[in-house]
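J.: Sequence first, then the predicted structure, then my questions.
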Amino acid sequence: MGYVFQFGTVWREFDHLLLGAWLTLRLSALAMVFGLAVGIAGAQAKASSSRLMRGAVQVYVEAIRNTPFLVQLLFIYLGLPSLGLRLTPDEAALLAMVVNLGAYATEIVRAGIEAVPKGQIEAGRSLGLKPWQIFRFIVLMPALRTVFPALGSQFILVMLASSVVSVISAEELTAITDTIVARNFRSFEFYFVITGIYLAMSLAFQTLFAGIDRALFARWADRA
Amino acid sequence: MIREFSLGEVWFLVLALRWTVLLTLVAFVGGTVGGSAIAVLRVARSPMLRGAAATYIKVLQGTPLLMQLYLVYFGANLLGLATDAWASAALALTLYASAFLGEIWRGCIQAIPRVQWEGAQALALGHFLALRLVILPQALRIAIPPTVGFLVQLLKGTSLASIIGFTELTRAAQMVNNATFRPFVTYALVAALYFILCWPLSMSSRRLERRLDREGVAAARVNVVAVNT
């Protein structure tokens, strides 16, 4: 084998990779916040009395969960302009991630809401709580607590899937690496190193979510 | 010259579907072999073997599938092997499927109550015989729903093979789009084609799971994360 690995090139460009990692983190964090909001709204809509509403959410969830993220991304970036919605690569990437995560989060949050015992809601009513108070304190918080580990895994999956948005040249770690590699052809070395960066980021998120789980939900009684 | 989006384009996309299906099947068969090995190693008695399998799962589940494809694709090139998109995609997806199936099946094995192991021990069965004759047949039953669920994830994952240039459904869509400039219709149709394949699988996975629940089988609360690719 005549190939000599040149990781020196990678270290010289390491600043760019760190910038890429930061962009990936920012993009993922935004997608997580908005995706969770979509998920909570979707789960609430699924519990609504309107059949139409429930049906619409069901179609959204099934359509997203049974098609590849890459196709969703290309549809949003290339397909939507024919409807007059022209997005920059960064906007399209964020929208695709939010739409994708929103569908999975809807299902996860719904499972949490269904696990809340009916008796507790009745207890809330007999205490004279308003509907939004019941939703906020009796349904949503315990539901999120129950499903937080599942949400955390889904968040990490979205962060990993974000490397795919490099195909439309949205600004993040993989896209920045693609640009560097196109210049120096050290594909293997660079992708090897950023694979390590992605691994470090998912381990960091795991630790962070475990910490949030303890800090945020500790005051709510122990998990059943 | 811009081509019309006609029935010919539709047919071209439908035909490209067979490469998506074939790649999924190859990776699934490979992943079944690799995943079985990983699952068995994960419950081995040697801590070192358990640790090695756990690390494999952690790395493959903690990195993007796209990077795994890139590393296999560019790595094969460095080893002096011809860079073949089909072989690289099949290998990378096999490694990926091995990790996920290994982790799913480990969960199923460990969901079998301890007394079953103890019972097997009382019958003087060794670790391997106990696994093969007592544990695995029971674990297999609860493994089916999450395995079918993963098949959907794998099928969607094959779309990334288009990025290293393997012509399956998503790559075919890019070709059609480049010729017709009708991205909305093209990608909507491609999404529909993926949906036709994935939805029945998702439904049957859920139905099987509900049936196990009804039958009161100690269904593995395998934390199969719904994965998107």
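T.: All right, it came through fine.
J.: Might you list the low-confidence residue ranges for chain A?
T.: Where chain A drops to pLDDT under 70, the residues are A:1-2, A:219-224.
J.: Okay, helices next: where are they in it?
T.: A:7-12, A:14-46, A:51-65, A:69-74, A:89-114, A:118-126, A:131-133, A:141-161, A:173-184, A:187-217 (DSSP state H).
J.: In contact with the residue nearest to A:Gly79 when sequence neighbours are not counted, which residues are there?
T.: Closest residue in space to A:Gly79, ignoring its immediate chain neighbours: B:Phe184 at 4.1 Å, by Cβ to Cβ, 6 or more residues apart in numbering or on different chains. C-beta: built from backbone N, CA, C; applies to glycine. For B:Phe184, the contact set (Cβ atoms under 8 Å, 6 or more residues apart in numbering or on different chains) comprises A:75, A:79-80, A:82-83.
J.: And for B:Ile163?
T.: A:70, A:164, A:167, B:66, B:69.
J.: what about it, which SS state?
T.: Three-state call for B:Ile163 (DSSP: H, G, I helix; E, B strand; the rest coil): helix.
J.: about what we covered before: helix or strand for the residue nearest to A:Gly79, just tell me which one.
T.: In the assignment (DSSP states H and E), B:Phe184 maps to helix B:183-214.
J.: circling back to that earlier point, just the helices of chain A: most buried one?
T.: Highest mean neighbour count among those (mean count of other Cβ atoms under 10 Å in any protein chain shown): helix A:69-74, with a mean of 26.
J.: Which other helices and strands does that helix contact?
T.: The contact analysis (3 or more Cβ pairs under 8 Å, 6 or more residues apart in numbering or on different chains; DSSP states H and E) places helix A:69-74 against helix A:89-114, helix B:169-180, helix B:183-214.
J.: Let me know how buried B:Leu133 is, in neighbour terms.
T.: 12 (other Cβ atoms under 10 Å in any protein chain shown).
J.: Give the helix, strand or coil label for the closest residue to it other than its chain neighbours.
T.: Closest residue to B:Leu133 apart from its sequence neighbours, by Cβ to Cβ, 6+ apart: B:Leu125 at 6.6 Å. Three-state assignment for B:Leu125 (three-state DSSP): coil.
J.: any idea how far B:Leu125 lies from chain A?
T.: Distance, B:Leu125 to chain A, using Cβ to the nearest Cβ, to the nearest Å: 35 Å.
J.: Run a quick check on that residue versus B:Ile135, I expect a contact.
T.: No - using Cβ atoms under 8 Å, B:Leu125 is not in contact with B:Ile135; the gap is 10.0 Å.
J.: who touches B:Ser36 in this structure?
T.: Under the criterion of Cβ under 8 Å, 6+ apart, the neighbours of B:Ser36 are B:101-102, B:105.
J.: Quick check: phi and psi on the residue nearest to B:Leu133?
T.: phi -90, psi 140 (degrees, to the nearest 10).
J.: What is the neighbour count of it?
T.: Using other Cβ under 10 Å, the number of residues around B:Leu125 comes to 16.
J.: Check what pLDDT it gets.
T.: For B:Leu125, the model assigns a pLDDT of 92.
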